[in-house]
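Trainee: only the shape, not the letters, is given here:
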């Protein structure tokens, strides 16, 4: 490794929603700011898509990817612990392995970035370099997270039992029913982990956000406002998004794309609920009937049902070997073979959303999928499930006007093209593209971070010194 170049280290949490934007951030540091980059990843879910993503990143030779072995947390969390709890505990327990791997590096880094679940690694005392927390979500989710310690003191009882919205300084109020999952039950361990995260994230030298100035100007203004800032974070906020995988990064050609080539423009709705979203058997059957009765062309990414947890497939690859015919309504695949395609577990989402035949996206509103949809100009039908997805759905429908959240759920009636064709998603797509270009707001934000790290490298890392 050339000592003349600054070296950045990024620590990613498990799950595609974290891994994809971290890898994209790493690539931008390499290609636009002349960094060497090492990404440490914990591939705990062992999903085929996650494994392929890490393999592709490694083979690209742009990045050095190090997989940290997942740690056994079975004695630290209940068997039915929420995904948020499991990731938080896992990232805390992996710190000794990560610390050892850092000290074994031949060239010490000049920049350290952790995603939000890795915030406790910021406090490793020996790490002497600029440190940043990367939050791969929207600014509205960050604002709520940073304000939670204040709400924890001010609000009595459960947040979801309140009649009035939660007020955040300078931001749009949050309805109790739209709060982030860890806030749904204050006695649950995930709420305690969430409070720890809210306090720990601002201990960095700054916070990087996977959004851009023109998308969330009001919330970003509040996060930077000197009067409101004391309620949020006393560190700089850098919007550097949208960071998401673009078309053409991998060689992808599937039966799904061949089928799309034969469909009329804007005629297909893409149905997917992310890398972890699942339904009960009853809910899955209802959605199947809704799609069938609508006679709407569709591509549907399906997973075996899990009865009690919408995020239940996050750490699994599904029930081994099951075919969709085993859990979809009898005869569904036969009756819909002329209008739809079913994809078990995974589909090439970016390639599908970029295809001209796709005119809508029935989505869980995870932030990664939301960015995929925005950047390809595809309007959304919002059906949030867990995490911060209800908050995202509210912003997409009420503030941005690029999604609809129908009163009649898509299990009963799939929203048709006529209901979403007037949405302003194409306009939002253009602002995201501009933000990433050289001279754009997100490009300039990341340039500030890179410049600070480069100055540190020149002052303290040249000539190369041993790690502390």
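Mentor: Arrived safely. Keep in mind it's a predicted model, so treat the numbers as computed, not measured.
Trainee: pLDDT below threshold where in the chain?
Mentor: 1-3, 43-48, 226-231, 248-253, 276-277, 307-321, 406-423, 462-468 (pLDDT under 70).
Trainee: for it, which segments are assigned as strands?
Mentor: Under the criterion DSSP state E, strands of the chain are mapped to 7-12, 36-41, 64-67, 111-115, 131-135, 206-209, 237-239, 268-272, 297-302, 340-344, 358-363, 380-382, 403-404.
Trainee: want to try TSV for those, with mean neighbour count and distance to residue 255 as columns?
Mentor: Placement of C-beta: from N, CA and C, glycine included. Listed next are the strands of the chain as TSV, based on neighbours: other CB atoms under 10 Å; distance: least, CB to CB, whole Å:
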stretch	mean neighbour count	distance to residue 255
strand 7-12	27	31
strand 36-41	23	30
strand 64-67	18	30
strand 111-115	25	34
strand 131-135	24	36
strand 206-209	24	37
strand 237-239	23	38
strand 268-272	26	14
strand 297-302	22	11
strand 340-344	20	8
strand 358-363	26	16
strand 380-382	26	24
strand 403-404	22	28
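Trainee: now the ones you listed as a markdown table including distance to residue 397?
Mentor: Conversion of the strands of the chain to a markdown table gives the following (distance: least, CB to CB, whole Å):
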| stretch | distance to residue 397 |
| --- | --- |
| strand 7-12 | 30 |
| strand 36-41 | 33 |
| strand 64-67 | 37 |
| strand 111-115 | 27 |
| strand 131-135 | 22 |
| strand 206-209 | 21 |
| strand 237-239 | 22 |
| strand 268-272 | 17 |
| strand 297-302 | 21 |
| strand 340-344 | 25 |
| strand 358-363 | 12 |
| strand 380-382 | 6 |
| strand 403-404 | 5 |
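Trainee: closest one to residue 374 among these?
Mentor: Across the strands of the chain, residue 374 has its closest neighbour in strand 380-382 (8.7 Å, CB to CB).
Trainee: partner strands of the closest one, with direction?
Mentor: Within its sheet, and counting by DSSP bridges, strand 380-382 is paired with strand 358-363 (parallel), strand 403-404 (parallel).
Trainee: ok, which of those comes nearest residue 52?
Mentor: Among the strands paired with strand 380-382, if distance is taken as CB to CB, the winner is strand 358-363, at 21.8 Å.
Trainee: centre of the chain to the closest one, how far?
Mentor: Offset of strand 358-363 from its chain centre (CA atoms, centre = their mean, to the nearest Å): 18 Å.
Trainee: what's that strand in contact with?
Mentor: Contacts to strand 358-363, defined as CB atoms under 8 Å, 6 or more residues apart in numbering, come from residues 260, 265-274, 299, 352-353, 369-370, 373, 378-383, 403, 410, 414-415, 417, 420-421.
Trainee: now the angle from it to strand 268-272?
Mentor: 20 degrees (axes from the mean of the first three to the mean of the last three CA atoms, to 10 degrees).
Trainee: picking up where we left off before, make CSV out of the strands paired with strand 380-382 and add distance to residue 455.
Mentor: Below are these laid out as CSV (distance: least, CB to CB, whole Å):
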stretch, distance to residue 455
strand 358-363, 41
strand 403-404, 42
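Trainee: which residue ranges of the stretch 151-300 of the chain form helices?
Mentor: Using DSSP state H, counting those that start in this stretch, the helices of the stretch 151-300 of the chain run over 189-200, 217-224, 226-229, 255-260, 281-294.
Trainee: for the fourth one, which residues meet the burial criterion?
Mentor: Across helix 255-260, burial judged by 16 or more other CB atoms under 10 Å covers 256, 257, 260.
Trainee: just give me the closest of these to residue 335.
Mentor: Nearest to residue 335 among those, with distances taken as CB to CB, is residue 256, at 19.1 Å.
Trainee: how's the protein carved up into domains?
Mentor: According to automatic domain parsing, the chain comprises the domains 7-243+437-460, 255-429.
Trainee: from what I can see residue 182 touches residue 191, true?
Mentor: Yes. If you go by CB atoms under 8 Å, residue 182 and residue 191 touch, sitting 4.9 Å apart.
Trainee: could you report the neighbour count for residue 59?
Mentor: Neighbours of residue 59 under the rule other CB atoms under 10 Å: 9.
Trainee: what do you get for the one 10 residues further on?
Mentor: Burial of residue 69, expressed as a neighbour count using other CB under 10 Å, amounts to 10.
Trainee: try the one 5 residues further on
Mentor: When counting by other CB under 10 Å, one arrives at 9 neighbours for residue 74.
Trainee: again with the one 5 residues further on
Mentor: The criterion is other CB under 10 Å. On that basis, residue 79 has 5 neighbouring residues.
Trainee: re earlier: nearest to residue 294, out of the strands paired with strand 380-382?
Mentor: Closest approach to residue 294 among the strands paired with strand 380-382 (CB to CB): strand 358-363, 10.9 Å.
Trainee: the closest one to helix 281-294, inter-axis angle?
Mentor: 160 degrees.
Trainee: residues contacting residue 22?
Mentor: So residue 22 contacts 10, 12, 39, 41, 113, 115, 134, 136 (CB under 8 Å, 6+ apart).
Trainee: now residue 295: how far from residue 335?
Mentor: Going from residue 295 to residue 335 by CB to CB, to the nearest Å gives 10 Å.
Trainee: chain neighbours aside, what residue packs nearest to the residue nearest the centre of the chain?
Mentor: For the chain, the residue nearest the mean C-alpha position is residue 17 (3.4 Å; CA atoms, centre = their mean). Distance criterion CB to CB, 6 or more residues apart in numbering; nearest residue to residue 17, sequence neighbours excluded, is residue 368 at 4.7 Å.
Trainee: settle this for me: that neighbour is touching residue 24, isn't it.
Mentor: No. Look at residue 368 against residue 24 with CB under 8 Å: they stay out of range, at 10.1 Å.
Trainee: what do the two both touch?
Mentor: Joint contacts of residue 368 and residue 24 (CB under 8 Å, 6+ apart) are residue 244.
Trainee: give me the buried positions along stretch 75-88.
Mentor: 77, 81, 82, 83, 84, 85, 86, 87, 88.
Trainee: residues in contact with the residue nearest to the centre of the chain?
Mentor: 136, 274, 275, 366, 367, 368.
Trainee: repeat for residue 366
Mentor: Applying CB under 8 Å, 6+ apart, we find residue 366 in contact with 17, 274, 277, 387, 389, 392.
Trainee: mind doing that once more with 10 Å?
Mentor: Taking CB atoms under 10 Å, 6 or more residues apart in numbering, we find residue 366 in contact with 15-17, 137, 272-277, 372, 384-389, 392.
Trainee: just residue 233 next, same as before
Mentor: So residue 233 contacts 133, 142-143, 145-147, 198, 201-204, 206-207, 223-224 (CB under 10 Å, 6+ apart).
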